[in-house]
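**Q** below: sequence and its predicted model.
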Amino acid sequence: MAEKGIKTQDWAAFRAEAQRMLEAALDQMQQAADRPWQPVPDDIGARYAVTAEALGPQAAVDRIIRDVLPYHGGNTHPRFWGWVQGSGLASDLISSLAAAAVNANMGGRDHGANYMERAVVDWTRARMGMPESASGILVTGTSQATVIAFQAARLRVLKDLRKQGQGAVRLTAYAGEGVHNATLKAVELLGIGSDNLRMVPLADGKLDCAALAEMVASDKAEGAVPFLVVGNAGTVDLGLFDDLNALADAAAALGLWLHVDGAFGAWTRIAAEPYRSLSDGIGRADSIALDFHKWMYVGYDCGMALLRNEEEHRAAFAARPAYLEGAERGLAGGEPWFCDYGIDLSRGNRALKVWTALETYGEAAFSEAITGNCELAALMAAEVEAQPQMALGAPVVSNVCVFTARRDLAPEAQSQVNARIAQTLQESGEAVFSTTRAGGRVMLRAAITNHRSREADVRAAIAAVVREASK
């Protein structure tokens with residue numbers, strides 16, 4: 001009977017195509033500065049149409065080199081500062097090869113990858129200043145980490161939540177104005193409701209703890225159950241940091257779970273001063289959400305949820321039906337299993353990307369890169385202030401610079417100019433700024449989480465803004 005199904009008939013030919021793909025990937029990374037984002041062709045959808053016929057590895061590699069590599073999102077380019085996107089690392093290529101070959105399922109069981117994830121969790125926990133008893137799990141990103149943390153926080157106040165649901169209990173959560181949309185999505189997804197996410201005013205760019213106390217008291221008087229407050233370690237629009245020590249004190253006094261959104265800003269913990277002190281107090285949180293694929297630069301996707309209390313973390317998710325029973329010996333051993341600490345049972349080996357990056361470059365290199373990104377944001381601010389027609393939208397605190405190209409125009413005209421410049425420079429491949437709103441105007445925004453960026457890139461990008469602003 002003829003062999004059927006999926007098979008590699010000619011390993012020598014496959015090896016040759018894999019090596020050709022490896023060389024193309026290395027070229028893509030090495031030549032990142034010459035490969036900015038570009039508009040996709042009109043027929044790109046047709047090019048990606050799935051064919052039923054087997055064309056073989058040579059045809060697949062041909063199509064990837066021709067139709068996939070050129071039309072990337074641009075975040076590998078040294079002048080990409082749009083939104084908050086990481087730039088990826090050359091070490092990701094090495095870890096991805098190993099991950100594909102092993103194909104580990106990180107839900108549990110006794111194999112090496114789970115020990116690696118525990119090592120990465122321990123390293124991160126220590127850098128954040130959490131106790132050795134804290135637990136963590138690698139996830140898709142801060143959005144998923146936020147859901148995991150909020151679910152554990154709910155169980156602290158509603159012990160029978162997993163069996164009985166939230167019922168008529170009105171839980172209220174609190175966050176400073178400008179909190180990331182991940183928090184809003186989490187309260188909606190968990191059935192808390194966006195109306196019960198109370199936005200606390202800021203004082204000097206930080207959550208106002210006095211206003212928080214007043215809001216908690218008011219909500220309690222109306223029969224609500226306040227349960228959680230979210231602190232920011234780097235707001236998405238302006239890169240602002242709450243006073244996390246003051247917020248930890250307030251949360252303890254008010255009986256609230258303190259969650260810190262540290263998607264990118266948590267990594268100031270390994271930066272040099274004055275940036276490191278921005279996140280002082282983060283280790284006092286009940287939970288932290290952070291990303292490696294932003295300011296630790298590793299490839300997408302890779303985030304982490306850290307929780308101070310391992311028992312509360314496990315209680316929120318542990319479930320072992322008969323087919324997942326553990327054992328003292330064999331492959332079903334290896335407790336604890338990560339499926340008991342999060343949403344996913346089937347999980348890829350994200351830890352390998354982080355571990356390989358740290359083994360390859362060393363922690364000091366990441367510290368220097370993160371510090372350097374903040375220094376580049378300060379340089380960009382200085383370049384903006386040196387231009388008579390430009391102005392900052394807010395002081396630069398960390399790695400985010402928001403500015404207008406034409407402060408001499410009316411607000412609506414400024415918005416139009418800034419939006420046009422962002423689009424023009426994206427399309428020309430010169431630089432990628434995103435936009436945001438500040439002071440009632442659309443402004444240009446650079447979030448510098450790019451290890452490839454240099455001073456020359458900042459100066460060239462601002463020069464391009466000046467040129468376009470004069471048109």
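**A** Here it is on my side, so go on. Residues are numbered from 1 along each chain as shown.
**Q** CA atoms for contacts and neighbours, from now on please.
**A** Fine.
**Q** quick check: the gap between Asp195 and Ala173.
**A** With distances taken as CA to CA, to the nearest Å, Asp195 is found 10 Å from Ala173.
**Q** settle it for me: which of the two has more neighbours?
**A** It is Ala173, of Asp195 and Ala173, that has more neighbours when counted by other CA atoms under 10 Å, with 24 against 12.
**Q** assign that one to helix, strand or coil.
**A** strand (DSSP: H, G, I helix; E, B strand; the rest coil).
**Q** what bridges to it?
**A** When bridges are called by DSSP bridges, Ala173 pairs up with Leu197, Leu228.
**Q** close enough to count as contact, it and Ser194?
**A** No: Ala173 lies out of contact with Ser194 (CA atoms under 8 Å); the separation is 9.3 Å.
**Q** elements contacting the helix or strand hosting Met304?
**A** Using DSSP states H and E, the element containing Met304 is strand 303-307. For strand 303-307, the packing partners by 3 or more CA pairs under 8 Å, 6 or more residues apart in numbering; DSSP states H and E come out as strand 135-139, helix 142-157, strand 287-291.
**Q** reformat those as TSV; add mean pLDDT.
**A** Formatted as TSV, the helices and strands packed on strand 303-307 follow (pLDDT from 0 to 100):
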stretch	mean pLDDT
strand 135-139	98
helix 142-157	98
strand 287-291	98
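**Q** the stretch 301-450 of the chain: strands as residue ranges?
**A** Counting by DSSP state E, counting those that start in this stretch, the segments of the stretch 301-450 of the chain that form strands are 303-307, 391-392, 400-404, 434-438, 441-447.
**Q** tell me the mean pLDDT over the second one?
**A** Here strand 391-392 scores 98 as its mean pLDDT.
**Q** one step back: average pLDDT for the strand holding Met304, rounded please.
**A** Strand 303-307 comes out at a mean pLDDT of 98.
**Q** how about stretch 93-110?
**A** Mean per-residue pLDDT for stretch 93-110: 95.
**Q** got the contact list for it?
**A** 113-114, 326, 330-339, 344-349, 352-353, 356 (CA atoms under 8 Å, 6 or more residues apart in numbering).
**Q** what's the closest non-adjacent residue to Leu171?
**A** In this structure, Leu171 finds its nearest non-sequential neighbour in Val225, 4.7 Å apart by CA to CA, 6 or more residues apart in numbering.
**Q** what's the per-residue pLDDT of Gly56 here?
**A** 91.
**Q** got any ranges where the stretch 151-300 of the chain has weak pLDDT?
**A** Within the stretch 151-300 of the chain, no range satisfies pLDDT under 70.
**Q** now the strands for it?
**A** Under DSSP E, counting those that start in this stretch, the stretch 151-300 of the chain gives strands at 171-176, 197-200, 202-203, 206-207, 225-232, 257-262, 287-291.
**Q** distance between the second one and the chain's centre?
**A** Using CA atoms, centre = their mean, to the nearest Å, the mean C-alpha position of strand 197-200 is found 22 Å from that of the whole chain.
**Q** helices or strands next to it in the packing?
**A** Judged by 3+ CA pairs under 8 Å, 6+ apart, strand 197-200 is in contact with strand 171-176.
**Q** who's in contact with the strand it packs on?
**A** 192, 196-202, 206-208, 212, 219, 224-232.
**Q** right, so the strands of the stretch 151-300 of the chain: which one is the most enclosed?
**A** strand 287-291 (a mean of 30; mean count of other CA atoms under 10 Å).
**Q** pull the distance from that one to the chain's centre.
**A** Strand 287-291 sits 9 Å away from the centroid of its parent chain (CA atoms, centre = their mean).
**Q** adjacent strands (with direction) for it?
**A** Short version: by DSSP bridges, strand 287-291 pairs with strand 257-262 (parallel), strand 303-307 (antiparallel).
**Q** report the contact partners of the residue lying closest to Leu306 once chain neighbours are set aside.
**A** Nearest residue to Leu306, sequence neighbours excluded (CA to CA, 6+ apart): Gly136, at 4.3 Å. For Gly136, the contacting residues are Val121, Arg125, Met304, Ala305, Leu306, Leu307, Tyr341, by CA under 8 Å, 6+ apart.
**Q** break the chain down into its structural domains.
**A** 12-73, 99-361, 364-469 (automatic domain parsing).
**Q** Gln85 is nearest to which of those?
**A** Across these, Gln85 has its closest neighbour in domain 99-361 (5.4 Å, CA to CA).
**Q** thinking again about what came up before, columns distance to Ile44 on top of the strands of the stretch 151-300 of the chain, output as a markdown table?
**A** Shown next, in a markdown table, are the strands of the stretch 151-300 of the chain (distance: least, CA to CA, whole Å):
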| stretch | distance to Ile44 |
| --- | --- |
| strand 171-176 | 42 |
| strand 197-200 | 41 |
| strand 202-203 | 46 |
| strand 206-207 | 45 |
| strand 225-232 | 39 |
| strand 257-262 | 36 |
| strand 287-291 | 31 |
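**Q** out of those strands, nearest to Gly5?
**A** Closest among the strands of the stretch 151-300 of the chain, once you apply CA to CA, is strand 287-291, at 39.2 Å.
**Q** list the contacts of the closest one.
**A** By CA under 8 Å, 6+ apart, strand 287-291 touches 141-142, 145-146, 149, 258-264, 266, 282, 302-308.
**Q** from Asp286, how far off is the closest residue to Pro226 other than its chain neighbours?
**A** Once flanking residues are discounted, Pro226 sits nearest to Thr172: 4.6 Å by CA to CA, 6+ apart. Distance, Thr172 to Asp286, using CA to CA: 17 Å.
**Q** now do Ser434
**A** 33 Å.
**Q** same check, this time on Val465
**A** In terms of CA to CA, Val465 sits 43 Å off from Asp286.
**Q** one more: Leu26?
**A** For Leu26, the distance to Asp286 - CA to CA - is 41 Å.
**Q** quick one: which of these two has more around it?
**A** Asp286 (23 against 14).
**Q** that older thread, buried only: go through the contacts of stretch 93-110 for me.
**A** Neighbour counting with 16 or more other CA atoms under 10 Å marks 113-114, 326, 332-334, 336-339, 347-349, 352-353, 356 as buried within the contacts of stretch 93-110.
**Q** doesn't Arg170 make contact with the residue nearest to Leu171?
**A** Yes: Val225 is within contact range of Arg170, at 6.0 Å (criterion: CA under 8 Å).
**Q** sorry, back to before: now, of the helices and strands packed on strand 303-307, which is deepest in the fold?
**A** strand 287-291 (a mean of 30).
**Q** that one vs helix 142-157, what angle?
**A** Calculated by axes from the mean of the first three to the mean of the last three CA atoms, to 10 degrees, strand 287-291 forms an angle of 170 degrees with helix 142-157.
**Q** ok, Thr449 - contacts?
**A** Contacts for Thr449 were tallied using CA under 8 Å, 6+ apart; they are Trp81, Val84, Gln85, Gly86, Ser87, Lys294, Trp295, Tyr297, Ile370, Asn373, Asn399.
**Q** related to what we said a few turns ago, what's the spacing between the residue nearest to Leu171 and Asp219?
**A** The value you get for Val225 to Asp219, if CA to CA is used, is 7 Å.
**Q** what does Glu188 give?
**A** For Glu188, the distance to Asp219 equals 19 Å [CA to CA].
**Q** related to what we said a few turns ago, inside helices: which ones of the contacts of stretch 93-110?
**A** Members of the contacts of stretch 93-110 lying in helices (criterion: DSSP state H): Ala113, Asn114, Leu352, Lys353, Thr356.
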